[in-house]
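K.L.:
how would this look folded up:
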Amino acid sequence: MAKVVYTDTDIEEQARLGIKSIHLDENAILTDVAYEKAKLLNIEIVRNGPNTPPNAPVRPYLNDPVLRRVPAVPAPVKIKTIQAPGRDILHYPADVSEEHLRAAIIRTGQILYDSGLMISNDGNISARMADGNILMTPAGVGKGRIQPVDLLVINIDGKLLRGAADPTLKPSSEQPMHLEVYRQRPDIRAVIHTHLIYANVLAISQGKVRMDVIPEAAIAFGEIPITDFSMPSSPQNAEAIRTLIKDHDVMLIRNHGSLTIGKTLDEALINLERLEHVSKTLTYAELLGDVNALPPDMLEAIAKIVEQSKKKKESR
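P.N.:
Numbering: from 1, shown residues only. Prediction:
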C-alpha cells in the first residue's frame, strides 16, 4: 500500500484549524520538517499501530481531505516528545533548548491569561536563551492565544535576529525594559511585565504595598519598590527601573503595571502571582478598615531573615 506523507504545510493547516493532535497509522509518514513544525506548534503526534490499545480514541485523519497525500518510499517514523526537566515545563536548566523555552513561554502566557493576570493583548514575556539571546512575545497579541512560532528572537542590544512565522508580528515596544533587566542581572533568565489590578490599585491610591501586615509577603519580598512615572511603551520604562532592578526581583511601575523576574519562568510567575495575591488581600483589608500591623518584634525578626537571605544571594 502506498504510504501517506504529511508535510510541514499539512501541519500548519491542522494548526490553523485548531487541531491539537494528529493520529497516524502504520501507513503514514511524517517528514522531518513536518515533525519539527508539529513540535513548534504544540501539536501532539500519536502513532496508531498494531500495539495501540483497542479503546484508544482514533481520529480519522487519513480520510481528511484537507491533508495532501503523495506516494512515498516506506521510511521509519520516529515520534519524540518534549520531556520537561524538573517539576514542569516552566522549571528548566540554564542550557534549556530554544524549543523547550518557546513552549514554556506559551504555557506561561496561557496561565496568565486564564487566571486574568494578563488580559487583552497587554503585557509581555521574555526569556534568556542558552546562547544569551532573548526570546520574546511580539507586540499587540493576546498572550493566551499565541503559538511558539509567533515568538521573536532579539539580541541583548535589541536587534531582531529571527522574526515570527507571521511577518506582521513585530517586536514589543517594551523590549528596552526587558533588556535593561538582562544587562544588569546576569543571574536572571525570565521577565514578565503585566498590568495587575490589585497591585496597581495600591500603587495608584496608596503609593505603596505594605510589608508590615502579611509576614509571608515581607519575607518573600522585603519591600516592593514603585518607580517614578514613565511613559508606557517607551525607553522611559527602562530608565525607571534602572536604579531598582539590581536589588529587586519584583517592582511596580507607577500607575502602569508590574515587573517580576526570575532565574526561570517558574520563578518569575510565582513572584507575579504572589504579588497580586498579597495586593488583593491588602486591598480588601484596607476597604474593611482597622488593618492590624505586625508587632514590632516580629517585624524586626523578619527584617533579619530578609537581610540574611540577601547576603546569601550575594555570596553565590
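K.L.:
from now on I want contacts and neighbour counts done on CA atoms only, so please keep to that.
P.N.:
OK.
K.L.:
residue 23 and residue 9, how far apart?
P.N.:
17 Å (CA to CA, to the nearest Å).
K.L.:
what about the two, which has more around it?
P.N.:
Neighbour totals were compared for residue 23 and residue 9, and residue 23 leads with 17 against 14 (other CA atoms under 10 Å).
K.L.:
tell me the phi and psi of that one?
P.N.:
Note on residue 23: backbone dihedrals following degrees, to the nearest 10 are phi -100, psi 120.
K.L.:
quick check: it touching residue 43?
P.N.:
No - using CA atoms under 8 Å, residue 23 makes no contact with residue 43, being 10.5 Å away.
K.L.:
give the contact list for residue 251.
P.N.:
Each residue near residue 251 by CA atoms under 8 Å, 6 or more residues apart in numbering is listed here: 224-227, 258-260.
K.L.:
for it, what are phi and psi?
P.N.:
Here is the backbone geometry of residue 251 (degrees, to the nearest 10): phi -160, psi 170.
K.L.:
which residue ranges of the stretch 151-300 of the chain form helices?
P.N.:
Applying DSSP state H, counting those that start in this stretch to the stretch 151-300 of the chain gives helices spanning 175-184, 198-205, 215-221, 236-241, 265-288, 296-315.
K.L.:
and residue 37, which of the ones you listed is closest to it?
P.N.:
Nearest to residue 37, of all those, is helix 265-288, at 23.5 Å by CA to CA.
K.L.:
average model confidence for stretch 305-316?
P.N.:
Averaging the model's pLDDT scores along stretch 305-316 yields 81.
K.L.:
let the chain start at 35 from now.
P.N.:
Yep, numbering from 35; the last one is stretch 339-350 now.
K.L.:
low-confidence ranges in the protein?
P.N.:
Along the chain, segments meeting pLDDT under 70 span 35-38, 60, 82-121, 350.
K.L.:
how about the strands in it?
P.N.:
Applying DSSP state E to the chain gives strands spanning 38-40, 55-58, 62-64, 78-81, 158-162, 168-170, 186-188, 194-196, 224-228, 284-287, 291-296.
K.L.:
TSV for the helices of the stretch 185-334 of the chain, including mean neighbour count?
P.N.:
Shown next, in TSV, are these (neighbours: other CA atoms under 10 Å):
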stretch	mean neighbour count
helix 209-218	21
helix 232-239	19
helix 249-255	17
helix 270-275	20
helix 299-322	18
helix 330-349	12
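K.L.:
how about these in a markdown table, adding distance to residue 202?
P.N.:
Output for the helices of the stretch 185-334 of the chain, formatted as a markdown table (distance: least, CA to CA, whole Å):
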| stretch | distance to residue 202 |
| --- | --- |
| helix 209-218 | 17 |
| helix 232-239 | 31 |
| helix 249-255 | 39 |
| helix 270-275 | 25 |
| helix 299-322 | 26 |
| helix 330-349 | 42 |
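K.L.:
for residue 61, which of these is the nearest?
P.N.:
Sorting the helices of the stretch 185-334 of the chain by CA to CA, the top spot, which is the nearest, belongs to helix 299-322 at 40.2 Å.
K.L.:
what packs against the closest one?
P.N.:
Using 3 or more CA pairs under 8 Å, 6 or more residues apart in numbering; DSSP states H and E, the elements in contact with helix 299-322 are helix 132-148, strand 224-228, helix 232-239, strand 284-287, strand 291-296.
K.L.:
tabulate the contacts of residue 285 in CSV, adding columns for distance to residue 124 and neighbour count.
P.N.:
Rendered in CSV, the data for the contacts of residue 285 read as follows (distance: CA to CA, whole Å; neighbours: other CA atoms under 10 Å):
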residue, distance to residue 124, neighbour count
258, 24, 18
259, 26, 21
260, 27, 21
261, 28, 20
292, 20, 23
293, 18, 26
294, 15, 24
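K.L.:
looking at those, which one is closest to residue 224?
P.N.:
Of the contacts of residue 285, the one sitting nearest to residue 224 (CA to CA) turns out to be residue 294, at 8.5 Å.
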